[in-house]
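>>> Below is the sequence, then the predicted model.
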Amino acid sequence: MSDWSPSSYLTFEDERTRAARDLLAAVPLAEARAVVDVGCGPGNSTELLARRYTEAAVTGFDTSPAMLEAARSRVPSARFVAGDAATWEPDGPVDLFFANAVLQWVPDPLSAMERLVGLLADSGVMAVQMPDNVTEPSHRLMTEAARAGGWGDRLAGAARAPLASVGEIYDRLAPRVRRLEIWHTAYNHALPGPEAVVDFVRSTGLKPFLDRLDAAEQAAYLALYQARIAEAYPRRADGRVLLRFPRVFIVAVR
């Protein structure tokens with residue numbers, strides 16, 4: 001898969017960072033010595049962490065060289081290293097693992113969360129936010145457009161798998177922590193038009209589809225997808241469209 005694009009991701013920086021701000025606001029940790037931003041991306045979430053925990057050693061890790069380069073420029077006070085959420089190991093106990101919109105890309109998110117909890121210091125916190133939107137039109141229509149264009153077999157498996165249920169998450173994590181909170185928030189992002197919905201998901205959920213197609217096929221696929229998006233997201237009274245974006249939040253205290 002090609003590298004992630006920090007500039008494309010940050011086109012909708014406010015919308016993407018809103019969930020990170022909401023997650024951080026729910027972290028019951030006044031002070032911290034070691035804070036880790038799991039899948040830090042271009043550093044927008046790391047910046048929030050560095051501002052709140054000014055005395056902490058803040059580390060961000062990501063699999064994307066381009067994202068790490070952008071993060072280093074944005075938050076020079078933090079340390080950034082290459083790493084995968086399923087395997088990365090800290091130097092010692094961590095007070096806060098902050099995983100904003102990353103664990104949905106891990107093959108086994110529940111096992112990844114169990115592992116992170118086990119690496120926490122006493123009274124440490126794991127804070128996780130994941131998009132829970134694979135049944136929304138923005139994502140469901142990705143597969144529909146693939147089939148309509150004759151790429152169904154080639155793009156099989158490109159769609160992100162659904163998240164585990166809240167009950168499954170609770171049952172796996174509750175025995176390992178002394179406090180666990182799980183909730184959903186559905187954001188409604190007002191975007192300029194249907195083409196902005198396509199741009200919003202192009203650097204995230206749509207990327208695995210596009211990576212399997214050549215340039216001509218990408219153009220044909222995007223035309224099919226955007227036509228369906230225009231039907232699914234009608235313009236509102238002011239000419240904009242509303243992108244409904246559900247997310248699940250998890251805060252676990254060891």
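Received the coordinates, thanks.
>>> lowest confidence element among the helices and strands of the chain?
helix 6-9 (a mean of 59; mean pLDDT, DSSP states H and E).
>>> Downstream of it, the next helix or strand is which one?
Downstream of helix 6-9, the first helix or strand assigned by DSSP states H and E is helix 13-25.
>>> Now do the buried residues in that following helix.
Buried positions in helix 13-25, judged by neighbour count with 16 or more other Cβ atoms under 10 Å: R16, T17, R18, A19, A20, L23, L24. C-betas here are computed from N, CA, C, even on glycine.
>>> do stretch 105-124 as well
Neighbour-count burial for stretch 105-124 flags 105-106, 109-110, 112-117, 119-120, 124 (criterion: 16+ other Cβ under 10 Å).
>>> pLDDT (mean, whole number) over that stretch?
Averaged over stretch 105-124, pLDDT sits at 96.
>>> Could you tell me the end-to-end distance of it?
The first and last residues of stretch 105-124 sit 24 Å apart, counting by Cα to Cα, to the nearest Å.
>>> so is M142 in a helix, a strand, or just coil?
Assigned by DSSP: H, G, I helix; E, B strand; the rest coil, the conformation of M142 is helix.
>>> Count the neighbours of it for me.
Neighbours of M142 under the rule other Cβ atoms under 10 Å: 24.
>>> Could you report the neighbour count for the residue lying closest to it once chain neighbours are set aside?
The shortest distance from M142 to any non-neighbouring residue, by Cβ to Cβ, 6 or more residues apart in numbering, is to F209 (5.6 Å). When neighbours are counted by other Cβ under 10 Å, F209 registers 23.
>>> Would you check that F209 makes contact with Y221?
Yes. The pair F209 / Y221 is scored as a contact, 6.9 Å apart, by Cβ atoms under 8 Å.
>>> can you list residues touching both of these two?
Common contacts of F209 and Y221 (Cβ atoms under 8 Å, 6 or more residues apart in numbering): A146.
>>> hang on, the earlier thing: Provide a list of residues in contact with the residue nearest to M142.
Applying Cβ under 8 Å, 6+ apart, we find F209 in contact with M142, A146, L155, A158, A159, Y221.
>>> if you set the cut-off to 7 Å instead, what comes out?
Listed by Cβ atoms under 7 Å, 6 or more residues apart in numbering, the contact partners of F209 are M142, A146, L155, A158, Y221.
>>> What are the boundaries of the strands in the protein?
Listed in chain order, the strands of the chain (DSSP state E) span 34-38, 57-62, 79-82, 94-100, 120-131, 179-191, 241-253.
>>> Quick one: mean pLDDT for the shortest one?
Averaging pLDDT along strand 79-82 gives 97.
>>> Out of the contacts of F209, the closest to R247 would be?
Nearest to R247 among the contacts of F209 is M142, at 18.2 Å by Cβ to Cβ.
>>> Tell me which stretches of the stretch 101-250 of the chain form helices.
Ranges of helices within the stretch 101-250 of the chain are 109-118, 137-148, 166-173, 194-202, 207-210, 215-232, based on DSSP state H, counting those that start in this stretch.
>>> out of these, which comes closest to M67?
Closest to M67 of those, according to Cβ to Cβ: helix 207-210, at 12.8 Å.
>>> CA atoms only for the closest one, dumped as PDB, please.
The C-alpha trace of helix 207-210 is given here as PDB (Å, rounded to 0.1, in the frame of the first residue of the first chain):
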ATOM      1  CA  LYS A 207      -7.400   4.500   0.200                       C
ATOM      2  CA  PRO A 208      -7.200   0.700   0.200                       C
ATOM      3  CA  PHE A 209      -9.600   0.600  -2.700                       C
ATOM      4  CA  LEU A 210      -7.700   3.200  -4.800                       C
END
